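Novice: Dropping a prediction and its sequence here:
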Amino acid sequence: MTVLMHWLGALLINAVLIAAASRVPLLTRAGWVHAAALGTMLWGTLGLPGWLAVVAYLALGSLVTRLGFGDKQARGLAEARGGRRGPENVWGSAATGALLALLSAVVAEPWRPLLLIGFAASFAAKLADTFGSEIGKRWGRRTVLITTLRPVPPGTEGAISLEGTAASLVGGLLMALICSGLGLLAAAGPPLPVLVLVTGVALSATLIESAIGATLQRRWGWLSNELVNGLQTAIAALLAMGLAWAVASPA
């Protein structure tokens, strides 16, 4: 009964909060409904810290999307729907993290810190991608294809720039700091090495995502941006957990 009440409370809290926030132009109407489902899962498994981490991710991602939005819109580089995210964006970004949060609630305690490193890395990678893409499209001076380093127009799948890559590093670090500050990484090890690991993995996964965009996404029409986002977050989580496991394992 206690578990049931906990989950009912998580559902009620998220329903009330989403109803209050739905007027803010961050998500579509359907996007808000799916965000409520995601929020319920996170509150039910990780409590307030996990929920706040993803709220911070959403807020920062939406904020950076709005930077220079008029200019990006004039050049045809802006996000559709005025930057509002739909259900496909919600789950493309959060499916990996949501799965790891659910697993963290049922595994034995020694495994939980490892799953939370993966959780943090998945959202750090996605925020790094958003920062890099939005800053690069607006302020990138020289945009090249990651696989050939040949100049390409901003917004090209697989394109990178120095400014965008630097912004990706900042975005990944911000998300790592947020997760650490909320206590989600407290049991993962010394703070500085964990921050370096999560941030480094976030940047690496973002560059891998660009390589996927420049190769596989160009060949396979069914490989949508949302699926690529899901791949990126899964790669980040697996990399982070694998490295953390390797470092912690005795030689």
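Specialist: That came through fine.
Novice: got the buried residues for stretch 204-218?
Specialist: Ser204, Ala205, Thr206, Leu207, Ile208, Glu209, Ser210, Ile212, Gly213, Ala214, Gln217 (16 or more other Cβ atoms under 10 Å). Where you see a C-beta, it was placed from the backbone N, CA and C, and this is true even at glycine.
Novice: In TSV, list those along with pLDDT and distance to Ser122.
Specialist: Formatted as TSV, those follow (pLDDT from 0 to 100; distance: Cβ to Cβ, whole Å):
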residue	pLDDT	distance to Ser122
Ser204	97	13
Ala205	97	9
Thr206	96	12
Leu207	96	16
Ile208	95	13
Glu209	94	12
Ser210	93	17
Ile212	93	16
Gly213	88	18
Ala214	90	22
Gln217	84	20
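Novice: Cross these against strands and list the overlap.
Specialist: Using DSSP state E, no member of those falls in strands.
Novice: Now, those that are in helices?
Specialist: Ser204, Ala205, Thr206, Leu207, Ile208, Glu209, Ser210, Ile212, Gly213, Ala214, Gln217 (DSSP state H).
Novice: now those residues as JSON lines including distance to Met5?
Specialist: Formatted as JSON lines, those follow (distance: Cβ to Cβ, whole Å):
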{"residue": "Ser204", "distance to Met5": "41"}
{"residue": "Ala205", "distance to Met5": "38"}
{"residue": "Thr206", "distance to Met5": "40"}
{"residue": "Leu207", "distance to Met5": "45"}
{"residue": "Ile208", "distance to Met5": "42"}
{"residue": "Glu209", "distance to Met5": "40"}
{"residue": "Ser210", "distance to Met5": "45"}
{"residue": "Ile212", "distance to Met5": "43"}
{"residue": "Gly213", "distance to Met5": "45"}
{"residue": "Ala214", "distance to Met5": "49"}
{"residue": "Gln217", "distance to Met5": "45"}
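Novice: Determine which two of those are furthest apart.
Specialist: Maximum pairwise distance in those, criterion Cβ to Cβ, is 18.2 Å, between Ser204 and Gln217.
Novice: phi, psi of Val144?
Specialist: Main-chain dihedrals, Val144, degrees, to the nearest 10: phi -130, psi 160.
Novice: How many neighbouring residues does the nearest residue to it once chain neighbours are set aside have?
Specialist: Nearest non-adjacent residue to Val144, counting by Cβ to Cβ, 6 or more residues apart in numbering: Pro151, 5.6 Å away. The local packing of Pro151 (other Cβ atoms under 10 Å) involves 11 other residues.
Novice: Make 39 the starting number, not 1.
Specialist: Sure, I'll start counting at 39 from here, so that last one is Pro189.
Novice: what's Pro189 in contact with, if anything?
Specialist: Neighbour list for Pro189: Arg180, Thr181, Val182 [criterion: Cβ atoms under 8 Å, 6 or more residues apart in numbering].
Novice: So which of those residues wins on neighbours?
Specialist: With neighbours taken as other Cβ under 10 Å, the top of the contacts of Pro189 is Thr181, carrying 19 neighbours.
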